[in-house]
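Undergrad: A structural model of the following input is requested.
(one chain, ligands or ions: 2)
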Amino acid sequence: MTAAARSRAEVEALLRGRIRDVPDHPEPGIVFKDITPLLADPEAFTALTDALAAFSIEHGATKVVGLEARGFILAAPVAVRAGLGFVPVRKAGKLPGATLAQAYELEYGSAEMEIHAEDLSGSDRVLVIDDVLATGGTAEAALRLIRRSGAQVAGLAVLMELGFLPGRARVLPALDGAPYQALLTV
Ligand SMILES: O=P(O)(O)OC[C@H]1O[C@H](OP(=O)(O)OP(=O)(O)O)[C@H](O)[C@@H]1O
Ligand SMILES: Nc1ncnc2[nH]cnc12
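TA: Ligands and ions are numbered 1, 2, ... in the order given. Here you go, the predicted structure:
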């Protein structure tokens, strides 16, 4: 069956069934949501790509930003499917050109991310894509970077939101009215 023929509930069930819980990774007390079974299943990966591409088109995105590393895996095929450019947000020290940098904290640590300032222009509308919204620190920092670049935020889309953490409450103010979609809440 094609993704277009599936209901939203069918897509959710397909995706939900291919996420594996790994207790105590990367540290004790964290239940790690492993998306590799979903990526290994072409039907599920295609359904995910199609759903995110539809969201990007619906909200008038001109560029798709993926967040290193798992966000790259999701965002790059979405950009191709939607006919949009892909821009990586990378962990500090990886991008060779002139960058904007933003420090942030996540569920299990802190880090700094960067973007090539020249990859976005003031006329761009940027959809940020990642696999997981946990505390929201990573996504909030990415949204800050995009605004600092001068581009507009078209929205934020994630495969899954961890409903027991306050990520949504953290990113909604940073979105400032731009749309947010979590395909699953776990
Ligand atoms: O909402 P937060 O608490 O900020 O957490 C969510 C982030 O954590 C994970 O990335 P991680 O930094 O582990 O990197 P990876 O994709 O390279 O594994 C995940 O892919 C999100 O980007
Ligand atoms: N519990 C979790 N599982 C997978 N990725 C994450 N990123 C932050 N928290 C996570």
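
Undergrad: all strands of this protein, in order?
TA: For the chain, the strands defined by DSSP state E cover 20-23, 31-34, 63-67, 85-91, 99-106, 109-116, 125-133, 152-161, 180-185.

Undergrad: please name whichever of those strands is nearest to Arg8.
TA: Closest to Arg8 of these is strand 180-185 (Cβ to Cβ; 8.7 Å). The way it works is simple: take the backbone N, C-alpha and C, and place the C-beta from them, glycine included.

Undergrad: check contacts around Ile30.
TA: Shown in contact with Ile30 (Cβ atoms under 8 Å, 6 or more residues apart in numbering): 24, 107-108.

Undergrad: just to revisit the earlier point, in CSV: the strands of the chain, plus mean pLDDT, mean neighbour count and distance to ligand 1.
TA: As requested, the strands of the chain are exported to CSV (pLDDT from 0 to 100; neighbours: other Cβ atoms under 10 Å; distance: least, Cβ to the nearest ligand atom, whole Å):
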stretch, mean pLDDT, mean neighbour count, distance to ligand 1
strand 20-23, 98, 10, 12
strand 31-34, 97, 16, 9
strand 63-67, 98, 26, 5
strand 85-91, 98, 19, 7
strand 99-106, 92, 17, 3
strand 109-116, 94, 17, 6
strand 125-133, 98, 27, 4
strand 152-161, 98, 24, 8
strand 180-185, 98, 17, 11
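
Undergrad: do you know which of these lies nearest Ala47?
TA: strand 180-185 (9.4 Å).

Undergrad: ok, the closest one: who's next to it in the sheet?
TA: strand 152-161 (parallel) (DSSP bridges).

Undergrad: can you give me the angle the lengthiest helix in the chain makes with strand 152-161?
TA: Identified as the longest helix of the chain according to DSSP state H is helix 42-58. If you take axes from the mean of the first three to the mean of the last three Cα atoms, to 10 degrees, helix 42-58 sits at 150 degrees to strand 152-161.

Undergrad: could you show which parts of the chain are in contact with ligand 2?
TA: Contact residues, the chain versus ligand 2 (Cβ under 6 Å from any ligand atom): 30-33, 106-107, 132, 134, 162.

Undergrad: may I ask which two of these are separated the most?
TA: Farthest apart among those - using Cβ to Cβ - are Val31 and Leu106, which lie 14.7 Å from each other.

Undergrad: contacts only, for Ile19.
TA: By Cβ under 8 Å, 6+ apart, the contact list for Ile19 reads 33-35, 37-38, 160, 184, 186.
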